[in-house]
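K.L.:
Prediction below, plus the sequence it came from.
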Amino acid sequence: MKTSLAICVAFLACAGAAHAQMAVHDNPTFMQAQQTASHTAQIMNSNERILNTVNQTLAAVTGNRSTGSLSSMGLGGGFQMSSVPELGSLLGGGALSMNGLGSYGALASDIINGLNLVKTLTGGSSASVPTDQAYSGAVNTSAAVTAAVAGGQAASTARSSAFQGAQGQIGASADIKASVDQNSQIQTQTGLTINELIGSVNLTNASLNAQQQQDLAAQSKLSNMMSFDASKATLVGQ
């Protein structure tokens with residue numbers, strides 16, 4: 001009797017332990033876990049897309065960009081008004097130097113030499129009197145202006161062609177940084193072109209000054225001729 005009771009107790013104990021370890025499927029909980037996992041995957045994919053967009057934006061607004069041919073638009077093929085000799089010294093009869101003007105200086109020299117101008121108005125070997133100095137200054141100024149006009153015309157043609165070529169690059173930039181850099185480069189080249197225009201206007205004013213200086217020299221010479229100096233006067237026949 002005691003043996004049968006012990007067997008029954010043991011059997012019940014084993015049956016209770018097996019029932020406690022049985023897997024239980026909770027369908028609502030399982031569905032909620034699936035939804036949570038799906039939403040998490042969507043959030044991770046969205047974050048990855050946002051990160052890629054941020055990286056692309058960062059790359060588009062940082063770093064160096066090449067502006068290509070835009071960086072030479074305002075150079076005018078190499079000629080600049082700053083290469084023209086200082087006209088202030090030329091007007092006073094100073095020596096003329098065409099260094100820096102290259103072929104344009106040689107062209108101006110050929111033109112002036114082809115005119116076969118006299119060296120001085122008084123016939124002297126050097127410009128020592130004011131009239132000759134003014135004449136020499138006018139000749140040198142004419143040579144410098146001739147070189148500047150020839151160089152300026154060639155530079156204007158080169159700039160016009162360069163700016164027209166730049167039109168095709170507008171709107172073709174790959175990103176924001178390239179567009180900003182191209183715009184900045186165009187502004188810089190425009191500034192260089194405006195400086196050349198100012199130099200051309202200054203050259204025109206210097207040419208007018210040379211003409212006025214010639215007129216003043218002629219008036220001074222005429223005034224000396226019309227003035228009376230008793231110490232130099234002689235009476236014919238005595």
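P.N.:
The structure has been received and is ready for your questions. Every value quoted in this text rests on a predicted model; they were computed, and no experiment measured them.
K.L.:
and the longest helix along the chain, what other elements does it pack with?
P.N.:
What stands out as the longest helix in the chain, according to DSSP state H, is helix 176-226. Packing partners of helix 176-226 (3 or more CB pairs under 8 Å, 6 or more residues apart in numbering; DSSP states H and E): helix 27-61, helix 87-91, helix 130-166. Placement of C-beta: from N, CA and C, glycine included.
K.L.:
could you say what helices and strands the first one packs with?
P.N.:
Translated: helix 27-61. helix 176-226.
K.L.:
how distant is the helix it packs on from the center of its chain?
P.N.:
20 Å (CA atoms, centre = their mean, to the nearest Å).
K.L.:
Same check on stretch 110-120?
P.N.:
39 Å.
K.L.:
measure that stretch end to end?
P.N.:
In stretch 110-120, first residue to last residue: 19 Å (CA to CA, to the nearest Å).
K.L.:
What are the contacting residues of that stretch?
P.N.:
Stretch 110-120 is contacted from outside by 125-127, 132, 135-136, 139, 142-143, 146, using CB atoms under 8 Å, 6 or more residues apart in numbering.
K.L.:
one more time with 6 Å, if that's ok
P.N.:
Residues from elsewhere that reach stretch 110-120, judged by CB atoms under 6 Å, 6 or more residues apart in numbering: 127, 132, 143, 146.
K.L.:
What about those, which one has the most neighbours?
P.N.:
Of all the contacts of stretch 110-120, the highest neighbour tally under other CB atoms under 10 Å goes to A143, namely 22 neighbours.
K.L.:
buried set for stretch 54-70?
P.N.:
65, 67, 70 (16 or more other CB atoms under 10 Å).
K.L.:
Return the subset of the residues you listed lying in helices.
P.N.:
Per DSSP H, these never map to helices.
K.L.:
Which of those sits closest to K221?
P.N.:
Using CB to CB, L70 is the member of the buried residues of stretch 54-70 that lies nearest K221, at 54.5 Å.
K.L.:
could you check the distance from the closest one over to S179?
P.N.:
12 Å (CB to CB, to the nearest Å).
K.L.:
Out of the contacts of stretch 110-120, the closest to L197 would be?
P.N.:
T146 (19.2 Å).
K.L.:
returning to that earlier point: list just the nearest of the contacts of stretch 110-120 to Q80.
P.N.:
The shortest approach to Q80 among the contacts of stretch 110-120 belongs to T146, at 16.6 Å (CB to CB).
K.L.:
could you list every residue that touches the closest one?
P.N.:
108, 111.
K.L.:
residue ranges with poor pLDDT in the chain?
P.N.:
Scanning the chain for pLDDT under 70 picks out 1-25, 91-94, 228-230, 232-238.
K.L.:
domain assignment for it?
P.N.:
32-62, 68-225 (automatic domain parsing).
K.L.:
ok, so of the contacts of stretch 110-120, who is nearest M226?
P.N.:
D132 (19.8 Å).
K.L.:
For the closest one, give me its contacts.
P.N.:
120-122.
K.L.:
The closest residue to Q211 other than its chain neighbours - how many residues pack around it?
P.N.:
Distance criterion CB to CB, 6 or more residues apart in numbering; nearest residue to Q211, sequence neighbours excluded, is A138 at 7.8 Å. Using other CB under 10 Å, A138 is surrounded by 20 other residues.
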